[in-house]
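In: I would like to see how this sequence folds:
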Amino acid sequence: MSQQPVRRAAVAGSWYPGTAAALAAEVDAYLGEASPGVPADSVDAVIAPHAGLMYSGPVAAWAYRAVQGGPYEAVILIGPSHHVGFEGVAVFRRGVFETPLGEAAIDEELASAILKSTHVAREHLQAHAREHSLEMQLPFLRRVLPEVPIVPILMGHQSSGTVSSLAEGLSRAVSGRRVLFVASSDLSHYLPAATAAAVDGRVLDLVRRFDADGLCEELKAQPDHACGGGPIVAVMRAARALGARDGRVLKYADSGDVSGDKSAVVGYMAAAFGRFDS
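Out: Numbers count the residues shown, from 1 in each chain. Next up, the predicted model:
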């Protein structure tokens with residue numbers, strides 16, 4: 001039997017603490033400050049940011065607090081590729097992702113089903129090697145859903161065709177399973193805080209209205225309004241196809257809330273999609 005691939009942690013010790021005790025303490029502190037916002041068993045998908053933990057962690061915690069202990073069989077993580085350019089999406093099909101909080105196992109059956117469900121999906125281990133957009137979600141997942149396996153997916157060039165094909169493939173591949181989708185994305189980059197709030201507000205409004213098509217058009221015109229815009233739209237469409245009907249923004253902030261520098265900030269959003277009564 002061939003050895004299972006291990007994706008080594010790339011930014012442990014720099015973007016977040018490299019020891020289990022320190023990382024657990026920081027993540028738990030952020031989770032303790034967050035509110036669930038919606039019942040965990042009603043959430044089908046979340047959006048969470050992926051900057052350094054001290055900056056985006058206080059916002060990401062709101063997304064993960066909303067699904068803590070939820071009844072999920074697997075978590076499908078979709079984020080942008082920052083380091084490797086390619087067409088389509090890269091699925092990490094088997095093995096584990098290493099973290100200071102223990103290994104996150106890959107759901108091989110589901111990963112294989114996704115690879116078969118859409119022509120835009122393929123294996124591409126090199127794309128995952130240095131990428132932080134999915135790795136930054138794992139400290140939270142190891143605390144709120146520690147036994148749930150994952151399927152890591154990176155999106156290369158975020159074309160409308162790739163987004164549509166991935167969304168359709170996901171809805172086919174996961175049909176009949178209780179799966180959580182996670183879209184990893186920051187919002188605008190290095191604008192003055194007031195300008196960033198106005199720009200990000202357009203994205204937040206479309207998320208609240210669960211308007212995936214409107215967001216797709218917004219990001220075609222202004223792709224710099226979200227670095228993971230393609231993953232967000234794909235997740236929204238897949239969640240809608242599987243029965244989600246409501247969107248909710250759980251938290252918004254920017255990097256200046258931590259650094260104190262409001263002259264050039266990065267925007268962060270936590271949001272959830274599902275079936276909410278109010």
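In: just give the number of residues close to Ala29.
Out: Neighbourhood size, Ala29 [other C-beta atoms under 10 Å]: 12. C-beta: built from backbone N, CA, C; applies to glycine.
In: no, scratch that, I was asking about Pro58
Out: 21.
In: is it true that it touches Gly32?
Out: No: using C-beta atoms under 8 Å, Pro58 is not in contact with Gly32, being 10.8 Å away.
In: in the stretch 151-278 of the chain, which spans are strands?
Out: Under the criterion DSSP state E, counting those that start in this stretch, the stretch 151-278 of the chain carries strands at the ranges 179-184, 189-191, 246-254, 265-274.
In: please disregard the earlier target; I meant the stretch 1-150 of the chain.
Out: Under DSSP E, counting those that start in this stretch, the stretch 1-150 of the chain gives strands at 6-7, 43-48, 74-80, 89-91, 96-97, 104-105, 121-122, 150-155.
In: ranking the ones you listed by burial, who's on top?
Out: Using mean count of other C-beta atoms under 10 Å, the stretch among these with the largest mean neighbour count is strand 43-48, at a mean of 28.
In: in its sheet, which strands sit next to it, and in what direction?
Out: With DSSP bridges as the test, strand 43-48 is paired with strand 179-184 (parallel), strand 265-274 (antiparallel).
In: what would those look like in JSON lines with mean pLDDT?
Out: As requested, these are exported to JSON lines (pLDDT from 0 to 100):
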{"stretch": "strand 179-184", "mean pLDDT": "98"}
{"stretch": "strand 265-274", "mean pLDDT": "98"}
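In: related to what we said a few turns ago, switch the strands of the stretch 1-150 of the chain over to CSV; also include distance to Asp257.
Out: Below are the strands of the stretch 1-150 of the chain laid out as CSV (distance: least, C-beta to C-beta, whole Å):
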stretch, distance to Asp257
strand 6-7, 31
strand 43-48, 16
strand 74-80, 23
strand 89-91, 32
strand 96-97, 29
strand 104-105, 29
strand 121-122, 37
strand 150-155, 28
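In: before we move on, the earlier item: which of the strands of the stretch 151-278 of the chain sits closest to Val203?
Out: Shortest distance between Val203 and the strands of the stretch 151-278 of the chain, using C-beta to C-beta, is found for strand 265-274: 7.2 Å.
In: all helices for the stretch 151-278 of the chain, in order.
Out: Counting by DSSP state H, counting those that start in this stretch, the stretch 151-278 of the chain has these helices, from start to end: 160-173, 193-208, 212-221, 229-241, 256-259.
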